[in-house]
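Engineer: Fold the following and give me the result.
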Amino acid sequence: MVLKRSIEKEMNKLGYKGYHLQRELPRGSSEMELESKAQSQSDSIFYKSDRIEVIEKEEIRINEQAKDKMFESALGPLKSEFRASLVSHFDALIALHCRLKHKWDFVAATTHLYWDPRFPEVKAAQAFLLSHSLFHVITYKWNLDSGSIPLVVGLDANSLPFKDQQDKYHPILPKGVCFFII
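Structural biologist: Now for the predicted structure:
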């Protein structure tokens, strides 16, 4: 939560408001694990508050959707190792229904995708669940026309499809998502 507080404070000084969603960590995680993972396992989305009004916000735990029986034909049996990997490697999506001050509406969203380029099928399944979740929220929860409302998705995809090794990050850089709307 240290990262959340420091980013939020700095962004507020610049005229941004935002939302932060912490990744759910496994039960029984130690306090040290919770603190260290809090800095890298989360998503944030910020918007310029003098230009953009947030109409609705939705926090979606997409790993829960991976457990849904209705996706069996697309993702395989519920008890498969692949489905279990989707539940453990994918967590949150923040979606905002926004209005550019007195002009037009749009949807902005942010999330993480699994880092390991050796498992492209996990990333493809995550993209499927992400698309389904956004469509469901936009169409059925917010009653918007998903075919005509602009959608901006900022995400941390963590790797390129042709890589076979984890990227090396500078140790002082946070490994979270920040999506800025200017």
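Engineer: does Ala109 really touch Leu134, like I thought?
Structural biologist: Yes - because the distance of 6.0 Å satisfies Cβ atoms under 8 Å, Ala109 is recorded as touching Leu134. For every residue, glycine as well, the C-beta is placed using N, CA and C.
Engineer: Next one: the residue lying closest to Ala74 once chain neighbours are set aside, what pLDDT does it get?
Structural biologist: Sequence neighbours aside, Phe128 is the residue nearest to Ala74 in space, at 6.4 Å (criterion: Cβ to Cβ, 6 or more residues apart in numbering). Looking at Phe128, its pLDDT stands at 86.
Engineer: neighbours around Phe128, how many?
Structural biologist: For Phe128, the neighbour count with other Cβ atoms under 10 Å is 16.
Engineer: Just confirm it contacts Ser73, I think it does.
Structural biologist: No - with contact defined as Cβ under 8 Å, Phe128 does not count as touching Ser73 (11.7 Å).
Engineer: remind me, longest helix of this structure?
Structural biologist: Criterion DSSP state H: the longest helix present in the chain is helix 120-136.
Engineer: counting contacts, what elements does that one pack onto?
Structural biologist: With contacts defined as 3 or more Cβ pairs under 8 Å, 6 or more residues apart in numbering; DSSP states H and E, the packing partners of helix 120-136 are helix 62-65, helix 72-75, helix 81-89, strand 92-100, strand 105-112, strand 151-156.
Engineer: Can you check which of the ones you listed gets nearest to Trp142?
Structural biologist: Closest approach to Trp142 among the helices and strands packed on helix 120-136 (Cβ to Cβ): strand 92-100, 5.3 Å.
Engineer: ok so, going back, got the angle between the longest helix of the chain and strand 92-100?
Structural biologist: 40 degrees (axes from the mean of the first three to the mean of the last three Cα atoms, to 10 degrees).
Engineer: CA atoms only for helix 120-136, dumped as PDB, please.
Structural biologist: Presented in PDB, the C-alpha positions along helix 120-136 are these (Å, rounded to 0.1, in the frame of the first residue of the first chain):
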ATOM      1  CA  PRO A 120       0.800 -17.600 -24.700                       C
ATOM      2  CA  GLU A 121      -2.400 -19.600 -24.200                       C
ATOM      3  CA  VAL A 122      -2.700 -18.100 -20.700                       C
ATOM      4  CA  LYS A 123      -2.500 -14.600 -22.100                       C
ATOM      5  CA  ALA A 124      -5.000 -15.400 -24.900                       C
ATOM      6  CA  ALA A 125      -7.500 -16.800 -22.400                       C
ATOM      7  CA  GLN A 126      -7.000 -13.700 -20.200                       C
ATOM      8  CA  ALA A 127      -7.700 -11.500 -23.100                       C
ATOM      9  CA  PHE A 128     -10.900 -13.500 -23.800                       C
ATOM     10  CA  LEU A 129     -12.100 -13.100 -20.200                       C
ATOM     11  CA  LEU A 130     -11.100  -9.400 -20.200                       C
ATOM     12  CA  SER A 131     -13.200  -8.800 -23.400                       C
ATOM     13  CA  HIS A 132     -16.100 -10.800 -22.000                       C
ATOM     14  CA  SER A 133     -16.100  -8.900 -18.700                       C
ATOM     15  CA  LEU A 134     -15.900  -5.500 -20.300                       C
ATOM     16  CA  PHE A 135     -18.700  -6.400 -22.800                       C
ATOM     17  CA  HIS A 136     -20.900  -7.700 -19.900                       C
END
